[in-house]
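>>> I need the structure of the sequence given here:
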Amino acid sequence: RTLGIGIRFMSELRPIVDSLSAQGLPVWNVPDVASRDFLKTDSLSRGSHFTGLLRAAQPAIVIKDAQVVLDSLRVPKSAAEIALIRKAAAITMQGQAAAIRAIAPGKSEGIVQATAENSFRLHGADGPSYGSIVGSGPNSTSYHYRANNRTMKAGEVVVMDMGALYDAYAADVTRTAPVSGRFTPDQRRIYQVVRDAQAAAQALARPGARVAEGDSAVRHVEAEALAKIGLIESPDAMFDPPWTKDCSKKPLSCRQVFLYMAHGLGHGIGPEVHDAGGYSYSPTGRFQVGEVLTIEPGVYISTKLLDMLPDTPKNREFIARVRPVVERYNNIGIRIEDNFIITPTGVEWITPGFREASEIEALMQHGKK
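Model (predicted):
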C-alpha cells in the first residue's frame with residue numbers, strides 16, 4: 001500500500017500462471033539460486049519445484065529461461081559498478097599484501113586468512129566476498145580448500161585465494177607465496193609456467209575476442225612447459241581420465257595437461273563473485289566492453305592425481321613415465337588470479353602489484369624487517 005506495488009501471496013501465483021499459459025503465453029523463469037554455480041543442477045529451490053509441478057500438469061507448456069536475458073544485461077558493467085569493483089579490488093590487494101607478510105613457518109593458515117580479512121574490514125570492505133582459501137603444502141593442490149587450519153611448514157608454498165566485498169560488489173584475487181620467504185628452484189619453475197600462461201591469456205583479452213582463444217593459449221603454454229619438465233609425455237599426449245568416457249566430445253579433458261589444471265580459466269565478477277561473463281559464464285562466447293573478469297590459471301602437482309587414475313594400459317604407461325617427476329614436484333600448487341576490465345582498446349589490469357615471483361619474495365622480506 002505504501003509503495004503502490006501490486007503484491008500478491010505466493011499461493012495466488014499458480015492460478016494466474018495457469019490462466020495466462022492457457023492463452024498460449026510463454027512462462028519466463030529466472031532461477032532463484034544463490035549462486036550461478038548451481039544454475040544447471042538446481043532441483044531443490046522453490047522456483048524449480050514450482051516449474052516442475054507446472055510442467056507435470058501441463059506437458060505442452062512453454063517455459064523459457066530468462067537467465068540468458070538477465071546475463072546479457074549483467075555482463076557489461078556500468079561506470080558506477082566498475083567504480084565499486086575497482087574499490088573492492090584495491091582493498092583486496094591491501095589484504096593480500098598483509099596476508100603475504102604474515103606468512104611464516106609454524107603459523108596456521110588461519111592466521112593468514114584472519115590477517116587478510118581484518119585488512120579488508122579496516123579498509124572499508126563489507127568483509128570477504130566468498131569463503132577465503134589459504135592452502136599450504138598438500139592443501140595448495142586443492143582448488144577450493146576451506147579448512148584453513150593447517151600449520152605451514154618451511155619449504156612449502158601457500159595458495160591464497162581471497163577477495164573483498166565492497167558495497168555488495170566482489171573482487172577475487174589469488175597469490176601464491178613460499179612459506180620460507182624464497183621459492184625453491186622447482187617451485188619457481190612451476191610458478192613461471194603459470195605466470196606465462198596468465199600473460200598469454202591476458203594478451204588475447206579484448207572486445208570481440210573469443211573466450212576460447214584465451215583458454216587455448218593457457219593450455220598450450222602449460223602443455224609445452226610441462227612436457228619439457230616431464231610431467232606429461234608430450235604436449236598433445238592423452239590419458240584415460242576418471243571423469244569422462246567420451247574423449248571425442250570433450251578432448252581437452254582427456255589430455256594429460258588437463259590433469260594439472262582441471263578447472264576453468266576464469267569468470268565474471270560483480271554482484272556475484274562468479275558473475276555473468278568471463279571464461280566460465282560467457283553468454284555469447286566473446287568478450288564485450290565493460291566486462292569485468294578474472295584470469296586464473298594454475299598448475300597443481302600431487303601424486304594423488306596419479307593414484308586416482310583408472311587402471312588402463314594407457315594410464316599405466318603414462319604413470320610409469322611421469323611418477324618420478326611428479327614425486328619430485330609433489331605438493332606444489334600454484335595459482336595466480338587477477339581482475340581485469342575489457343576496454344574499447346583491450347584489457348585493463350585492476351589488481352596490479354606483486355605478481356612476479358621476485359615481487360612476492362621482496363614483499364615477504366619487507367614484512368620481516
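>>> skip the chain neighbours and tell me the closest residue to the residue positioned nearest the centre of the chain.
Centroid check for the chain by CA atoms, centre = their mean gives residue 266 as the closest residue, at 5.0 Å. Nearest non-adjacent residue to residue 266, counting by CB to CB, 6 or more residues apart in numbering: residue 294, 4.0 Å away. C-beta: built from backbone N, CA, C; applies to glycine.
>>> before we move on, what about residue 21?
Nearest to residue 21 is residue 61, by CB to CB, 6+ apart, at 5.3 Å.
>>> from what I can see residue 275 touches residue 74, true?
Yes: with contact defined as CB atoms under 8 Å, residue 275 and residue 74 form a contacting pair (6.6 Å).
>>> so who does residue 227 touch?
Residues near residue 227 by CB atoms under 8 Å, 6 or more residues apart in numbering: 233, 234, 235, 237.
>>> ok, the nearest residue to residue 335 once chain neighbours are set aside - contacts?
Closest residue to residue 335 apart from its sequence neighbours, by CB to CB, 6+ apart: residue 298 at 3.6 Å. Applying CB under 8 Å, 6+ apart to residue 298 gives the contacts 143, 194, 261, 263, 333, 334, 335, 336.
>>> rewinding a little: what count of nearby residues applies to the residue nearest to residue 21?
By the criterion of other CB atoms under 10 Å, residue 61 has 18 neighbours.
>>> and it, what element?
Using DSSP states H and E, residue 61 sits in no helix or strand.
>>> state the distance from it to residue 12.
Noted for residue 61: a distance of 18 Å to residue 12, by CB to CB, to the nearest Å.
>>> and for residue 195, nearest residue in space, chain neighbours not counted?
That would be residue 336: by CB to CB, 6+ apart, it lies 5.9 Å from residue 195.
>>> so after the helix ranked longest in the chain, what's the next helix or strand?
Assignment by DSSP state H gives helix 79-102 as the longest helix of the chain. As assigned by DSSP H and E, the chain's next helix or strand after helix 79-102 is helix 109-122.
>>> sorry, back to before: assumed the residue nearest to residue 266 was part of a strand.
Yes: the assignment for residue 294 (DSSP: H, G, I helix; E, B strand; the rest coil) places it in a strand.
>>> okay, now the closest residue to residue 325 other than its chain neighbours: neighbour count?
Distances taken as CB to CB, 6+ apart put residue 230 closest to residue 325, at 4.1 Å, once the chain neighbours are dropped. Around residue 230 there are 14 other residues, counting by other CB under 10 Å.
>>> swap in residue 106?
9.
>>> what distance do you get for it to residue 95?
Relative to residue 95, and taking CB to CB, residue 106 is found at 22 Å.
>>> try residue 316
Counting by CB to CB - residue 316 and residue 95 are separated by 46 Å.
>>> of these two, which one has the most company?
residue 95 (29 against 13).
>>> what sits against that one?
Residues in contact with residue 95 (CB under 8 Å, 6+ apart) are 115, 116, 117, 119, 120, 123, 125, 162, 164.
>>> hmm, residue 93 and the second one touching each other?
No: in this structure, residue 116 sits apart from residue 93 without contact. The criterion is CB under 8 Å, and the distance is 10.5 Å.
>>> what about those two, which has more around it?
residue 116 (26 against 23).
>>> so for that one, what's the pLDDT?
Note for residue 116: predicted pLDDT of 98.
>>> for it, give me its contacts.
By CB under 8 Å, 6+ apart, the neighbours of residue 116 are 95, 96, 98, 99, 128, 132, 160, 162.
>>> out of these, which comes closest to residue 65?
Distance to residue 65 across the contacts of residue 116 (CB to CB) is lowest for residue 128, with 30.7 Å.
>>> surely that closest one is in contact with residue 166?
No: using CB under 8 Å, residue 128 makes no contact with residue 166, being 11.0 Å away.
>>> more neighbours, the two?
Between residue 128 and residue 166, counting by other CB under 10 Å, residue 166 is the more crowded of the two (25 against 21).
>>> surely residue 300 is within a strand?
Yes: if the criterion is three-state DSSP, then residue 300 is within a strand.
>>> now it: how far from residue 173?
Relative to residue 173, and taking CB to CB, residue 300 is found at 18 Å.
>>> pull the number of nearby residues for residue 137.
Quick note: residue 137 (other CB under 10 Å) scores 20 neighbours.
>>> same thing with the one 5 residues further on?
Residues near residue 142, counting by other CB under 10 Å, number 16.
>>> residues contacting the residue nearest to residue 325?
321, 322, 324, 325 are the contacts of residue 230 under CB under 8 Å, 6+ apart.
>>> also residue 348?
With the criterion set at CB under 8 Å, 6+ apart, residue 348 makes contact with 340, 341.
>>> in which helix or strand does it reside?
strand 346-349.
>>> I'd say residue 213 and residue 206 touch.
No: here residue 213 does not reach residue 206: they are 9.7 Å apart, not a contact under CB under 8 Å.
>>> then stretch 240-254 to CSV, C-alphas only?
The C-alpha trace of stretch 240-254 is given here as CSV (Å, rounded to 0.1, in the frame of the first residue of the first chain):
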residue,chain,number,x,y,z
ASP,A,240,42.1,-42.2,-19.7
PRO,A,241,40.6,-39.8,-17.1
PRO,A,242,38.3,-40.7,-14.3
TRP,A,243,35.7,-38.1,-15.2
THR,A,244,34.6,-38.8,-18.8
LYS,A,245,34.3,-41.8,-21.1
ASP,A,246,33.8,-39.9,-24.3
CYS,A,247,37.0,-38.1,-25.4
SER,A,248,35.6,-37.3,-28.8
LYS,A,249,33.1,-34.9,-27.2
LYS,A,250,35.5,-33.5,-24.6
PRO,A,251,39.0,-33.9,-26.0
LEU,A,252,40.6,-31.3,-23.6
SER,A,253,39.5,-33.3,-20.5
CYS,A,254,41.4,-36.3,-21.9
